[in-house]
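Student: Okay, predicted coordinates and the sequence, questions at the end:
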Amino acid sequence: MVEKLNSGKLMKSTLRINQKHHALAFLANPVKSERDIIVEGNNQNRAFNGDLVAFEILPKENWKLNRSELLTDLLKDSSSDKMPVMGQDEITFNGKTYNARNVEEKYLQKTAKVVGIMEKVHPRKAMGYATVYNKNFALFKPLDSRVPRMLIKLDEFPKGFAERPKDFADNLMIGLVTRWELNGKFAMGSLLKSIGGDKDDLVEAATEGILTENDLDDSPFPDDIDADIPDFEITAEDVAKRQKFDFRKKCVFTIDPATARDLDDACSVEEVGDGVYEIGVHIADVSHFVYPGTVVDDIARERTTSVYLVQRVIPMLPRKLCENLCSLNPGVERFSFSVVWTMKKDGTVVSTKFGKSLINSCCKLHYEHAQDMIEEPDREFEEGYLPEIHNGYTARDLSKKVNILHQIAQVLRKKRKESGAISIQQCKLKFSLNRVDGMPSGLGSYKSRESNKLIEEFMLKANVSVAEKLVEHYPENSIIRRHVGPKENVLSDTKKILDRMGIEVDTTSSKMMQEALNRLQHAPNQPTPVGLVVASLLSKCMSLATYHSTGEFDSPADYFHYGLSMELYTHFTSPIRRYPDLIAHRQLQAILEGEKESPMDFDEVSELAEVSSQKKYASKLASDKSGELFLWLFLREQVEMHEAANVIEIGSESIDVLVLRYGIQVRIWRDYLGENVEFQAKEKHWAHITWPAADGKQKCSKRYELLDNLVVIMKAGRQLFKINGSLPRPDSMDEVTVAVPDGFSTEDV
């Protein structure tokens, strides 16, 4: 296989299986300007979603018609009022039928066959439900349709399952694929665990399944782990080494979410001249407590990241470290690692210093407190409104410094945007949980405000400064964060969708896309419904950022971070929850101590970078799935919700909508619209729905087109995580109450 890869007869890529249609998968085309390659059915050759595979391109007669590309050109070049008739693999228009055998090659999409799995990235685990299949086996049905159904021996199941399978119908279980024969209808599997699923333990059962599916470790730290953690003590030697960066008597403070317990970063600012400031970003010095080769470090290397679920956090480090010794808690002395700039008020950096430091944070501000200071800089805060302020400083001191940082952050952000940085703002679900049973009692979305952006801007600045320092000294094995831009053909397809919607967006560069997003706002950080739709579509074009060793690339140009529009970037500012940041800390410390060689060689950095990228992605999937779980639980208790939405896609039997208040997508299938409802659609253009006469109401109909405002009825499906969408009858809208999302007017919805 290696020889064929080297000769070009085979190629390699990551397999991406369609979540809603598991027989359809895609591979990134090695030719960047060409479309992704289709892999159908058995040609996936038992590879799983996310696996790195070797593949061969199939002969041209097996290639598929790209209906979207052809349809666009047919409509563009025709003055006919007739609409094309869309078949599964053909289009009929003006009396002529077009298919893969009679069109130009530019309208074809290549297909491929997987010939080997180079790296099994997918853990082969899934949660689901089981039924008795025959006298020897049960049939395990994963909730994720991309994982094959499995036959598992009955004797692996809990006692009584074979005799009373209905008693276990609601029991979530975790299965492992152990063998999958070529062309086999089912895979063979093993039961890893029956994790329950009664109402009382459903959350924990589903959470365990989510973590297992994503191969994330939730096991307790060893009982004797504290023996590996040094006691907290600031010695005379520590003070001597850090005397140039001793900030204990200066006004240093943190700004975090109200619920944060692991405080990674703090800030300080002092005016040192007319319009010149010393600005410090002070990061928890995890490397002071976590040494290479210790049990704590080994576990952190395995986990590489903390995992944030709706109801809890799975920490990368023991809580003694992440919530106490390392956390930059107020009113106590802490070890930190600082980046200190002398900076003009226009954002120009005069000088940069790095050093191990000591701080004593005077206050743990919440984002809400900092936002109040920004909005009301002259406000006299009443006693008790702010958290306790230590070290002799006052609310007035803090407000003044927050506003200085805010003003400079605005300048830095403007410069980034002008250089091409793109920020695609999307809603993130936020839940209120019942204190008694932990179930969701309220639903909302996080709002990113100026106080959030203040901290974000200086963390970005610190990460860039550290990256530059690392690469200057260790050009072959520095840890960096890289983001590849979207593929040309993916952007081209998105551009065509936007054109069909009548939305003008220049997709030639990240800067032009950001300018379009800026235009589609009521006010800063308040996108219009159309702006939310555009943001949703553009986000699907973007790849994920990944970690690398600089030695993996031939040219520094390959280090580029597309989203931030930065030539060089790393992660340094969150070592409590990200292992790559700890690598950066150790490399930076080695530089400051005059070490000519990195403490980690190329192979070690490269391997850890790859694992960290995989774990970070798995952590994101788990976090998103946790949100889906709690949304399903919330809807189950609400019976149904009526929400304002916009049409973003029309299929042959469905309409996809974007729910404005929460930024989630819901599919409305024709089957969920009610009995005897007629559904006619011109795919990607419009859908015409007719409701029958019922309950004293006459027959009525409505046509829905892309971007139309509508009301979607959201319900929890019978299956875990599944959200069903429906539409109210047009003649019953007076009976429907719809909340207007924050930042929108009634005209928007």
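Tutor: Arrived safely, thanks for sending. Numbers count the residues shown, from 1 in each chain.

Student: Tell me who's in contact with the residue lying closest to residue 114 once chain neighbours are set aside.
Tutor: Of all residues not flanking residue 114 in the chain, residue 45 sits nearest, at 4.0 Å (CB to CB, 6 or more residues apart in numbering). No exception for glycine: its C-beta is placed from N, CA and C like everyone else's. If you count contacts by CB atoms under 8 Å, 6 or more residues apart in numbering, residue 45 has them with 53, 113, 114, 115, 116, 117, 182.

Student: Out of these, which one has the lowest pLDDT?
Tutor: Scanning the contacts of residue 45 for pLDDT, the low point is residue 182. It has 87.

Student: hey, which helix is longest across this protein?
Tutor: Using DSSP state H, we find that the single longest helix of the chain is helix 602-638.

Student: quick one: that helix to chain centroid distance?
Tutor: 8 Å (CA atoms, centre = their mean, to the nearest Å).

Student: Tell me the helix or strand right after it.
Tutor: As assigned by DSSP states H and E, the chain's next helix or strand after helix 602-638 is strand 641-650.

Student: Which elements pack onto that next one?
Tutor: In terms of contacts (3 or more CB pairs under 8 Å, 6 or more residues apart in numbering; DSSP states H and E), strand 641-650 is packed against helix 529-539, strand 654-659, strand 700-705, strand 709-716.

Student: Just want the angle from the third one to strand 654-659.
Tutor: Regarding strand 700-705 and strand 654-659, their directions subtend 70 degrees when assessed with axes from the mean of the first three to the mean of the last three CA atoms, to 10 degrees.

Student: repeat for the last one
Tutor: Counting by the same axes, to 10 degrees, strand 709-716 points 100 degrees away from the direction of strand 654-659.

Student: Only the buried residues of strand 709-716, if you could.
Tutor: Neighbour counts over strand 709-716 (16 or more other CB atoms under 10 Å) mark 710, 711, 712, 713, 714, 715, 716 as buried.

Student: For beta bridges, what are the partners of the fifth one?
Tutor: Pointing back at residue 714 there. residue 641, residue 725 (DSSP bridges).

Student: ok so, going back, buried sites along the longest helix of the chain?
Tutor: 602, 605-606, 608-619, 622-623, 625-636.

Student: now do stretch 22-39
Tutor: Neighbour-count burial for stretch 22-39 [16+ other CB under 10 Å]: 22, 25, 26, 27, 28, 29, 35, 36, 37, 38, 39.

Student: thought the fourth one was touching residue 37?
Tutor: Put plainly, it is residue 27. Yes. Under the criterion of CB atoms under 8 Å, residue 27 makes contact with residue 37 at 4.5 Å.

Student: Which residues are in contact with each of those two?
Tutor: Joint contacts of residue 27 and residue 37 (CB under 8 Å, 6+ apart) are 13, 55, 112.

Student: just the residues you listed now: which is nearest residue 449?
Tutor: residue 13 (40.1 Å; CB to CB).

Student: In contact with the closest one, which residues are there?
Tutor: Counted by CB under 8 Å, 6+ apart, residue 13 has contacts 27, 28, 30, 37, 52, 53, 55.

Student: Report the lowest-confidence entry in those.
Tutor: Out of the contacts of residue 13, that is residue 30, at 82.

Student: which ones are touching residue 564?
Tutor: Counting by CB under 8 Å, 6+ apart, residue 564 has contacts 416, 421, 460, 483.

Student: Out of these, which sit inside strands?
Tutor: Counting by DSSP state E, none of the members of the contacts of residue 564 fall within strands.

Student: Which of these are buried, as a PyMOL select command?
Tutor: To isolate the buried members of these in PyMOL, using 16+ other CB under 10 Å:
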select buried, resi 416+421+460+483
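
Student: Show me the contacts of residue 564 that map onto helices.
Tutor: Using DSSP H, the contacts of residue 564 in helices are 416, 460.

Student: how near is the nearest residue to residue 482 once chain neighbours are set aside to residue 183?
Tutor: In this structure, residue 482 finds its nearest non-sequential neighbour in residue 548, 5.3 Å apart by CB to CB, 6+ apart. Counting by CB to CB, to the nearest Å, the separation of residue 548 from residue 183 is 38 Å.

Student: Between these two, point out the one with more neighbours.
Tutor: Shown here are residue 548 and residue 183; by other CB atoms under 10 Å, residue 548 has more neighbours (22 against 8).

Student: Identify the residues contacting whatever helix or strand the more buried one lives in?
Tutor: Using DSSP H and E, residue 548 maps to strand 546-549. Residues outside strand 546-549 that contact it (CB under 8 Å, 6+ apart): 476-483, 571, 580, 602, 605-606, 608-610, 612-613, 616.

Student: ok, residue 406 - contacts?
Tutor: Contacts of residue 406 (CB under 8 Å, 6+ apart): 374, 450, 451, 454.

Student: Can you give the distance of the strand or helix carrying it from its chain's centre?
Tutor: Residue 406 is part of helix 395-419 when elements are defined by DSSP H and E. When C-alpha coordinates are averaged (CA atoms, centre = their mean), helix 395-419 and its chain have centres 27 Å apart.
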